[in-house]
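[1] sequence below, structure please.
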Amino acid sequence: MTAKIVLVVLAILAASAVAAVALWNWVGAGDLSGHGWLALTLGTVFSLVIGIGLMALVFVSSRRGYDDPDASA
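    Numbering: from 1, shown residues only. Okay, the predicted model is just below:
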């Protein structure tokens, strides 16, 4: 069950990436060099890693009770 969900999410991610590149080229937003695509990709990956990391911290904090008002008293 989990493997199916992961595959669906990866398929949606791949389709989104293909659609974004196609839209970028269709609009004529300008040609990017290899360095431009690399910077765009690294920026996107970095943003996702930071977002996922912060969400993981939220869940860990919540599960361990660090967010409880009673725990600090």
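[2] in what helix or strand does the residue most central in space within the chain lie?
    By CA atoms, centre = their mean, the chain has its centre lying nearest to Leu48, at 3.3 Å. Assigned by DSSP states H and E, Leu48 belongs to helix 34-63.
[3] what's the mean pLDDT across that helix?
    If you average the pLDDT over helix 34-63, you get 93.
[4] that older thread, what's the spacing between the residue nearest to the centre of the chain and Ala17?
    Going from Leu48 to Ala17 by CB to CB, to the nearest Å gives 12 Å. In this view, the C-beta of every residue, glycine as well, is placed from N, C-alpha and C.
[5] can I see the domain layout of the chain?
    1-30, 32-73 (automatic domain parsing).
[6] so who does Thr41 touch?
    Going by CB atoms under 8 Å, 6 or more residues apart in numbering, Thr41 touches no other residue.
[7] swap in 10 Å and give it another go.
    Contacts here follow CB atoms under 10 Å, 6 or more residues apart in numbering; on that basis Thr41 touches Ala17.
[8] same question, Ala29
    With CB under 10 Å, 6+ apart, Ala29 has these contacts: Leu23.
[9] for it, give me phi and psi.
    Ala29 adopts backbone torsions of phi -70, psi 0, taken as degrees, to the nearest 10.
[10] can you give me the pLDDT of it?
    Note for Ala29: predicted pLDDT of 74.
[11] that one and Ala39, how far apart?
    15 Å.
[12] what do you get for Ser33?
    Using CB to CB, we find Ser33 at a distance of 9 Å from Ala39.
[13] higher neighbour count, those two?
    Between Ser33 and Ala39, counting by other CB atoms under 10 Å, Ala39 is the more crowded of the two (12 against 8).
[14] distance of the more buried one from Leu54?
    Ala39 is 22 Å from Leu54, where distance means CB to CB.
[15] got it, and Ile12?
    22 Å.
[16] Val27 too?
    According to CB to CB, Val27 and Leu54 sit 31 Å apart.
[17] now do Leu42
    19 Å.
[18] please state the offset of the helix or strand hosting Ala19 from the chain centre?
    Ala19 is part of helix 2-27 when elements are defined by DSSP H and E. The chain centroid and the centroid of helix 2-27 are separated by 12 Å under CA atoms, centre = their mean, to the nearest Å.
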